[in-house]
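1. missing the sequence, but the structure's below:
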């Protein structure tokens, strides 16, 4: 047996960073084997690098043959695609799972390896959104990542760090120091799409009826070309997560990510024309899932488990307002499935507005799901009654086309007034009651009057007038919210005030409400 010491000598067994590594000589090679079974060979007499970085060891764990080749054989499925043009039927593609650590060796590789293209590696690094990479890693780990720039530098430096003094380059990348995960019980992601030149697919049986085959290539071949059509952030994020998990558990971590691999669609030195078309098909031609539909599915995915945070509580409240309680039952829109009533707020927009108000509701002693739902429901009912635009409809009904009182920008602005409403209700003991709803209706009615939002019939202004006052379009929702806040705290009409005066008055009223809610002070 040989010892591998911290100076690179070879003679027995030793510990590196708490990891026992064994080594022994086989002919002209020294074979190094870790406890988890990884084997790396070095010529005898050559210095042996300590394993102080698992990421570097994992990426360089290639079973090199004496002739310098490193043949990879990967089991794949070759699906038939009858929709591809006849002249492209011989351009194969396959479905497989690829070890993310090895994939980082094949793509992007490193600028330091003789057969890798340094300019390609730098181009990939330029296009990466490192915040997104870290978010993917945090999601996979279901854990918060701290000191993110330092950790990125630690694990990616040998891949992406630019040459010293290269102009216009920055390393490590600028990114938030802490990244928190989006919660999931089964973290995973969809197929990445790869393109390869220099590989071949061989059926495992002569009949090839089941599509089983082997993808074969020499990883050390200078002619091998891996490129990522779609999924570069997922690959880097997965690699980041694997490195962090290994560091924490001190054991081998291997993750094979799902991949669809296309072979020789474009020649190695030709423009990636067909690859670009696939990227366009995947990212632009396919329709994204409607946000409101996703919000509606979140409570279903959690089943009966309690919400983990304010976002999940807001989803629960939004769903109850859509299906069970308040004036918007059957009306809130999920556009992706054509649920609800046209020109009524969408579920995603409503949930976002609710989430902003939850800390204030808890501070006012409104803490249970039912109590929070009922309080917000009575605020919405009070608004619609105060506006004179209350139209109790079921899903599939139609609003008066001039009625904007149900629109997202209006209802979000009304919910934005919750701090002011709670301020005026500080001395009310029962915040969910018919009497409280009437107080809120009166507050909102007076606010609308002072804001000049009621017409000669004492009804909320028509859509055309709403547009003429520049409440639609860029900056419109901000102006509308400020107008409501300024009018809420004023005793006079603010209709003739200019935007600057309205903004200044609104900020003063907001500050006054916050002070009142945070103390036992003024509440009138």
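-> Arrived safely, thanks for sending. Note that the structure is a prediction, hence the values are computed from the model and not measured.
2. how is this structure divided into domains?
-> Per the record, the chain has its domains at 2-52, 71-285, 291-517, by automatic domain parsing.
3. select from these the stretch with the lowest mean pLDDT.
-> Of all the domains of the chain, mean pLDDT reaches its minimum on domain 2-52 (a mean of 37).
4. work out for me the element the residue positioned nearest the centre of the chain sits within.
-> In the chain, the residue lying closest to the centroid (C-alpha atoms, centre = their mean) is residue 135, at 6.7 Å. Residue 135 is part of helix 130-141, with elements assigned from DSSP states H and E.
5. buried residues of the next helix or strand after that helix, list them for me.
-> Moving toward the C-terminus from helix 130-141, the first helix or strand encountered (DSSP H and E) is helix 148-160. In terms of neighbour count (16 or more other C-beta atoms under 10 Å), helix 148-160 has its buried residues at 148, 149, 151, 152, 154, 155, 156, 159, 160. (Glycine included, C-beta is placed from N, CA and C.)
6. need those residues in CSV with distance to residue 139, can you?
-> Output for the buried residues of helix 148-160, formatted as CSV (distance: C-beta to C-beta, whole Å):
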residue, distance to residue 139
148, 14
149, 19
151, 15
152, 16
154, 20
155, 17
156, 18
159, 21
160, 21
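7. just the closest of those residues to residue 408, please.
-> Among the buried residues of helix 148-160, residue 148 lies closest to residue 408 (C-beta to C-beta), at 34.3 Å.
8. returning to that earlier point: which of the domains of the chain sits most buried?
-> domain 291-517 (a mean of 18; mean count of other C-beta atoms under 10 Å).
9. need phi/psi at residue 408.
-> As for residue 408, its main-chain torsions (degrees, to the nearest 10) stand at phi -60, psi -50.
10. next one: stretch 376-394 to chain centre, how far?
-> The chain centre lies 35 Å from the centre of stretch 376-394; the measure is C-alpha atoms, centre = their mean, to the nearest Å.
11. now do stretch 184-201
-> Between the centre of stretch 184-201 and the centre of its chain there are 19 Å (C-alpha atoms, centre = their mean).
12. stretch 447-455 now?
-> For stretch 447-455 - counting by C-alpha atoms, centre = their mean - the centre lies 41 Å from the chain centre.
13. what about it, start to end distance?
-> This stretch, stretch 447-455, spans 14 Å end to end (C-alpha to C-alpha, to the nearest Å).
14. how about stretch 333-340?
-> For stretch 333-340, the end-to-end distance is 4 Å (C-alpha to C-alpha).
15. and the helices in the stretch 151-300 of the chain, which stretches?
-> Assigned by DSSP state H, counting those that start in this stretch, the stretch 151-300 of the chain shows helices spanning 232-249, 273-280, 291-302.
16. circling back to that earlier point, report the two of the buried residues of helix 148-160 separated the most.
-> The widest separation within those (C-beta to C-beta) is 16.6 Å, between 148 and 159.
17. run through the residues that contact the residue nearest to residue 508 when sequence neighbours are not counted.
-> In space, and not counting its chain neighbours, residue 508 is closest to residue 489: 7.0 Å by C-beta to C-beta, 6 or more residues apart in numbering. Going by C-beta atoms under 8 Å, 6 or more residues apart in numbering, residue 489 touches 420, 505, 506, 508, 509, 512.
18. what distance do you get for the first one to residue 510?
-> I take that to be residue 420. 8 Å (C-beta to C-beta, to the nearest Å).
19. can you list residues touching both of those two?
-> residue 485.
20. and the helices in the stretch 351-500 of the chain?
-> Ranges of helices within the stretch 351-500 of the chain are 369-387, 408-416, 418-424, 434-450, 463-468, 476-489, 499-517, based on DSSP H, counting those that start in this stretch.
21. can you add distance to residue 313 and give those helices back as JSON lines?
-> Below are the helices of the stretch 351-500 of the chain laid out as JSON lines (distance: least, C-beta to C-beta, whole Å):
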{"stretch": "helix 369-387", "distance to residue 313": "7"}
{"stretch": "helix 408-416", "distance to residue 313": "15"}
{"stretch": "helix 418-424", "distance to residue 313": "15"}
{"stretch": "helix 434-450", "distance to residue 313": "22"}
{"stretch": "helix 463-468", "distance to residue 313": "32"}
{"stretch": "helix 476-489", "distance to residue 313": "23"}
{"stretch": "helix 499-517", "distance to residue 313": "20"}
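22. in space, what's closest to residue 202 - neighbours in sequence excluded?
-> Residue 202's closest residue in space is residue 214 (C-beta to C-beta, 6+ apart), at 5.0 Å.
23. so what's the one you found bridging to?
-> Note on residue 214: beta-bridge partners by DSSP bridges are residue 75, residue 202.
24. doesn't residue 76 make contact with it?
-> Yes. Counting by C-beta atoms under 8 Å, residue 214 does reach residue 76; the two are 6.8 Å apart.
25. okay, and the common contacts of those two?
-> Common neighbours of residue 214 and residue 76 (C-beta under 8 Å, 6+ apart) are residue 201.
26. so what's residue 441 up against?
-> Counting by C-beta under 8 Å, 6+ apart, residue 441 has contacts 381, 382, 383, 385, 386.
27. got the contact list for the last one?
-> Yep, that's residue 386 we're talking about. So residue 386 contacts 441, 442, 444, 445, 448 (C-beta under 8 Å, 6+ apart).
28. any chance of those in JSON lines, with distance to residue 185 too?
-> JSON lines is the format used below for the contacts of residue 386 (distance: C-beta to C-beta, whole Å):
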{"residue": "441", "distance to residue 185": "43"}
{"residue": "442", "distance to residue 185": "46"}
{"residue": "444", "distance to residue 185": "41"}
{"residue": "445", "distance to residue 185": "46"}
{"residue": "448", "distance to residue 185": "45"}
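29. and the residues you listed, which is closest to residue 99?
-> Lowest distance from residue 99 to the contacts of residue 386 (C-beta to C-beta) belongs to residue 444, with 60.3 Å.
30. related to what we said a few turns ago, out of the helices of the stretch 351-500 of the chain, which gets nearest to residue 320?
-> Closest among the helices of the stretch 351-500 of the chain, using C-beta to C-beta: helix 369-387, at 4.7 Å.
31. how far is the closest one from where the chain is centred?
-> 32 Å.
32. repeat for stretch 491-504
-> Its chain's C-alpha centre lies 40 Å from the corresponding centre of stretch 491-504 when counted by C-alpha atoms, centre = their mean.
33. out of the helices of the stretch 351-500 of the chain, nearest to residue 191?
-> helix 408-416 (34.8 Å).
34. now that closest one against helix 369-387, angle please.
-> For helix 408-416 against helix 369-387, the angle by axes from the mean of the first three to the mean of the last three C-alpha atoms, to 10 degrees is 120 degrees.
35. ok, and what's touching the helix holding residue 135?
-> 144-145, 148, 152, 173-176, 179-182, 184, 187, 189, 233-234, 236-238, 240-241, 244-245.
36. repeat that for stretch 505-519.
-> Contacts to stretch 505-519, defined as C-beta under 8 Å, 6+ apart, come from residues 360, 363-364, 419-420, 422-423, 426, 481-486, 488-490, 494, 497, 521-523.
37. swap in 10 Å and give it another go.
-> If you take C-beta atoms under 10 Å, 6 or more residues apart in numbering as the criterion, stretch 505-519 is touched by 360, 363-364, 416-424, 426, 478-479, 481-490, 494, 497, 521-524.
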